[in-house]
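Visitor: Predicted model and sequence below, questions to follow.
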There are 2 protein chains.
Amino acid sequence: VKIHLIAVGSELLTPFFRDTDSLYLTGRLNDLGLDVAAKIIVGDEIDNLRSAVRTSLAEADLVFVTGGLGPTGDDRTREAAAAVLGRPLILREDIVRTIEKRFLRLGRPMPSSNRKQAEVIEGAAVLANPAGTAPGQWVEIGKKTLVLLPGPPSELQAIFEAEVWPRLSSRRRACLARLVLKTTGKTESEVEDLIKDLYPKEEDRRLTILASPGQIELHLTASAADSPAQASAPLTALALELKKRLGPAIFSEDGADLEEVVGRRLRERKETIAVAESCTGGLLSRRLTRVPGSSATFREGFVTYSNPSKRKRLGVPAETLETYGAVSAETAAAMAEGVRRTARTDYGLAVTGIAGPSGGTADKPVGTVYTALSDEMKTSVERVVFLGDRERVQIQSTQKALDMLRLRLREKEDG
Amino acid sequence: VKIHLIAVGSELLTPFFRDTDSLYLTGRLNDLGLDVAAKIIVGDEIDNLRSAVRTSLAEADLVFVTGGLGPTGDDRTREAAAAVLGRPLILREDIVRTIEKRFLRLGRPMPSSNRKQAEVIEGAAVLANPAGTAPGQWVEIGKKTLVLLPGPPSELQAIFEAEVWPRLSSRRRACLARLVLKTTGKTESEVEDLIKDLYPKEEDRRLTILASPGQIELHLTASAADSPAQASAPLTALALELKKRLGPAIFSEDGADLEEVVGRRLRERKETIAVAESCTGGLLSRRLTRVPGSSATFREGFVTYSNPSKRKRLGVPAETLETYGAVSAETAAAMAEGVRRTARTDYGLAVTGIAGPSGGTADKPVGTVYTALSDEMKTSVERVVFLGDRERVQIQSTQKALDMLRLRLREKEDG
């Protein structure tokens, strides 16, 4: 099966575009053993759009067009596809009513412009959109298939999973196995140096390193003709060796992020946590509460941006703030102990630092961060100087704090 | 000038690919008043590569091919382009020597595989690569131009700036002006309905709508032959009309996000704020503190996830929580008033709601959110039911809360 992806939208041809849809589609098609042969990105102009659809339908067997299904005058995917296929667009009153109902739930009338979202190419199967107004369309033309999907990632993904995946399963070409090992606490070159002799030489296996702030991921894939078990066997052996080399730096083998791993362990242990943060401004609380079900373990968070709030909310002694400063090991420890005491939780986790761009000194440059963890046994503090802009320093700081908690939980389980 | 960008490399067709080259090229071409009509991404297979080059040369006047100029067997851009043009590849010994010298400086002999990087399409101008081994190539075919550039961003950018930009300057089509209006509080279709008759009909102007959770942006671009002032004149007129139609829904005309707009106004007014949030779990604090310099206005934040923390930290009366529930207008108002009182700030901003996926009732479905703002004059509460998953509900909730503050500040400035 030769596959093309066409992404539609003039905003995709600006210097600001960040891709989501095509990466998602590629990943899910890979899961079926299907590769993407080409991706094409075109603007809203009907002639460019038509020629992209025409070329791809001539070259490929399966063509996905994403975007351009909205209600505005710029949304011309339906029209362009219908023109290339030489088929009419049919206004489906049942779809109009579905869209109207969606607006009703929002307490508003449907704007008349949304009617065009109910136009369907003759002969197309309608792919219901549980997350938005524009349905997808699945059109078979002889042995070729054209699939239209809306551009907003939540809508595209919901339709793909419910409607497209089942239809594609019969075209599964091979069994793909995938394994992701996520690590923290090591740089990309440190990880690379530890594992570089392990890159697979076989055509059907792949090992890729992906770096983001505070996190290095190893992506392993393998394919086999017959069964998932056959595909995953060589991966398991490779993963075993990688785990031996990287040890506790690996925090996840199932795709879970650090906050999910930590949240899950806390829930299992029926333990509770409260956090106090300054330079991360709420990001640490936000990450811990991102995970559904976090209310079982997360009690409360304090964003103590000012010195008075560190004193009043967390009981950090005025002398500590005066003698050592707000960004110091002593203040971090007092914050972690204070938030644990006042919130009456099993763990208190704290961050204080200088995220920048200003505020650094010779002694404590921008990027200097103290993270502290307190429980019934002890209070630990770590100091790191992170590189990068404000946002990168903030992300790495929360990563470090969450990792302290992970390693403490691990220690308890081992000991 | 119709421009196509072709990016070559099988790694670009994996789910992990993050684009850099095409965004860079797009930005620099825009600077010359040139738009990109389409981007095509293909793997290393010679037949896919050839058909991409052939199609683009048929449709466009200026075609950039990036990547596939390395020394390995997978690097087939030179070969594919030569085949499409029906011209031979000529091994240039002078380029071989340049590459050998580069290796010498690194203290190694040139591997023989690098010789193929010295192969040049007959009639092409060679674009020297100051940052790597593979030179670029500039081929004119009648009125059309094909430009081959290496994929590594540092090499591509170095060659572009030194060799491509000067050659393109003669084709500068126009001066480009750009304007972005950001709105909140209206849906994409509501915005569309208000402005749909304003879409410019002129070739040299464009109005694009970009939607994200809680935010609709209008991107306006215009080009003019002679001067930037000439280009921006029609934009100013269009922006004026859009502002009349959309009124206070527009919160930014300079690219600033809502938290920046609100933070800036608070700083100008030398006023302070504290926030209390439950379902947004720290995201509201995080957004307000994302902006450098926020410590001048942001005093502290409370993530009061549990009922006891709403009572103890914010003084929400137990009766209020019992009678109306944690997710209610009464609790939201008490949170906003409580956080303002305890933090002694000019404003108290609060959010309580049900972000999901569970916790909804018939009366208060998932997505039900109350936002409240308290100042010395009054406390206001708003109720909205947001659609979407946990993350979307959280983002929209913080957007709503920040917008209440923005409108209050506006009111004060007007009155």
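Guide: Received the coordinates, thanks. Numbering: from 1, shown residues only, chains lettered A, B, ... in the order given.
Visitor: Tell me who's in contact with residue A:67.
Guide: Contacts here follow CB atoms under 8 Å, 6 or more residues apart in numbering or on different chains; on that basis residue A:67 touches A:7, A:8, A:9, A:12, A:21, A:77, A:150, A:151. Using the backbone N, CA and C atoms, a C-beta is placed for each residue, glycine as well.
Visitor: What pLDDT does the model give it?
Guide: Per-residue confidence at residue A:67 stands at 96 (pLDDT).
Visitor: Same question for residue A:5.
Guide: Looking at residue A:5 specifically, the model assigns a pLDDT of 98.
Visitor: Where does it fall, secondary structure wise?
Guide: In this structure, residue A:5 is located in strand A:3-8 according to DSSP states H and E.
Visitor: can you list contacts of that strand?
Guide: If you take CB under 8 Å, 6+ apart as the criterion, strand A:3-8 is touched by A:19, A:21-22, A:25-26, A:29, A:34-44, A:49, A:52-53, A:56, A:59-68, A:76-77, A:151.
Visitor: Leaving out chain neighbours, which residue sits closest to residue A:269?
Guide: Excluding its sequence neighbours, the residue lying closest to residue A:269 (CB to CB, 6 or more residues apart in numbering or on different chains) is residue A:409, at 7.3 Å.
Visitor: Tell me the helices and strands packed up against the helix or strand containing that neighbour.
Guide: Under DSSP H and E, the secondary-structure element containing residue A:409 is helix A:390-414. Helices and strands in packing contact with helix A:390-414 are listed as helix A:258-268, helix A:283-290, strand A:347-353, strand A:368-374, strand A:379-385; criterion 3 or more CB pairs under 8 Å, 6 or more residues apart in numbering or on different chains; DSSP states H and E.
Visitor: Any chance of the ones you listed in a markdown table with mean pLDDT, mean neighbour count and distance to residue B:172 as columns?
Guide: A markdown table is the format used below for those (pLDDT from 0 to 100; neighbours: other CB atoms under 10 Å in any protein chain shown; distance: least, CB to CB, whole Å):
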| stretch | mean pLDDT | mean neighbour count | distance to residue B:172 |
| --- | --- | --- | --- |
| helix A:258-268 | 97 | 20 | 49 |
| helix A:283-290 | 97 | 27 | 44 |
| strand A:347-353 | 98 | 29 | 47 |
| strand A:368-374 | 98 | 26 | 47 |
| strand A:379-385 | 97 | 16 | 45 |
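Visitor: give me phi/psi at the residue nearest the centre of chain A?
Guide: For chain A, the residue whose C-alpha lies nearest the mean C-alpha position (CA atoms, centre = their mean) is residue A:257; its distance is 9.0 Å. Residue A:257 adopts backbone torsions of phi -80, psi 170, taken as degrees, to the nearest 10.
Visitor: and it, how far is that from chain B?
Guide: Look at residue A:257 and chain B: by CB to the nearest CB, to the nearest Å, they are 13 Å apart.
Visitor: mind putting the helices and strands packed on helix A:390-414 in a markdown table, distance to residue A:110 included?
Guide: Formatted as a markdown table, the entries for those read as follows, by distance: least, CB to CB, whole Å:
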| stretch | distance to residue A:110 |
| --- | --- |
| helix A:258-268 | 38 |
| helix A:283-290 | 33 |
| strand A:347-353 | 47 |
| strand A:368-374 | 50 |
| strand A:379-385 | 53 |
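Visitor: mind checking which of the ones you listed is nearest residue B:267?
Guide: For the helices and strands packed on helix A:390-414, the distance to residue B:267 is smallest for helix A:283-290, at 21.4 Å, taking CB to CB.
Visitor: Tell me the helices and strands packed up against the closest one.
Guide: Counting contacts by 3+ CB pairs under 8 Å, 6+ apart, helix A:283-290 is packed against helix A:258-268, strand A:273-277, strand A:298-304, helix A:390-414, helix B:283-290.
Visitor: how far does the longest one sit from the chain's center?
Guide: Offset of helix A:390-414 from its chain centre (CA atoms, centre = their mean, to the nearest Å): 19 Å.
Visitor: Pull out the buried positions in it.
Guide: Burial within helix A:390-414, assessed by neighbour count using 16 or more other CB atoms under 10 Å in any protein chain shown, is assigned to A:390, A:392-409.
Visitor: What are the phi and psi values at the residue of chain A positioned farthest from its centre?
Guide: Counting by CA atoms, centre = their mean, the extreme residue of chain A relative to its mean C-alpha position is residue A:319, 42.6 Å from that point. Its backbone dihedrals place residue A:319 at phi -60, psi -40, with angles given as degrees, to the nearest 10.
Visitor: now it: how far from chain B?
Guide: Separation of residue A:319 from chain B (CB to the nearest CB) stands at 21 Å.
Visitor: what do you get for residue A:176?
Guide: Residue A:176 is 11 Å from chain B, where distance means CB to the nearest CB.
Visitor: Against which helices or strands is the host helix or strand of that residue packed?
Guide: For residue A:176, the host element (DSSP H and E) is strand A:175-183. Using 3+ CB pairs under 8 Å, 6+ apart as the contact criterion, the neighbours of strand A:175-183 among helices and strands are helix A:21-31, strand A:215-224, helix A:228-246, strand A:250-252.
Visitor: and the shortest one, which strands flank it?
Guide: What that stands for is strand A:250-252. Sheet pairing here is set by DSSP bridges, and for strand A:250-252 it gives strand A:175-183 (antiparallel).
Visitor: Buried residues, the element among helices and strands of chain A having the smallest mean pLDDT. List them.
Guide: Every helix and strand of chain A was ranked by mean pLDDT, DSSP states H and E. The lowest is strand A:205-212, at a mean of 82. Neighbour-count burial for strand A:205-212, with 16+ other CB under 10 Å as criterion, is recorded at A:205, A:206, A:207, A:209.
Visitor: Stretch A:150-169 now?
Guide: Those would be A:150-152, A:154-160, A:163-164, A:168, for stretch A:150-169 by 16+ other CB under 10 Å.
Visitor: Span of that stretch from start to end?
Guide: With CA to CA, to the nearest Å applied, stretch A:150-169 spans 21 Å between its terminal residues.
Visitor: circling back to that earlier point, may I see the contacts of residue A:67 arranged in CSV, with distance to residue B:247 as well?
Guide: As requested, the contacts of residue A:67 are exported to CSV (distance: CB to CB, whole Å):
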residue, distance to residue B:247
A:7, 33
A:8, 31
A:9, 27
A:12, 30
A:21, 33
A:77, 31
A:150, 29
A:151, 28
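Visitor: Find the nearest non-adjacent residue to residue A:347, please.
Guide: Among residues not flanking residue A:347 along the chain, residue A:273 sits closest, at 4.4 Å (CB to CB, 6+ apart).
Visitor: what about the one you found, how many neighbours?
Guide: 25 (other CB atoms under 10 Å in any protein chain shown).
Visitor: Residue A:322 now?
Guide: Neighbours around residue A:322, by other CB under 10 Å: 10.
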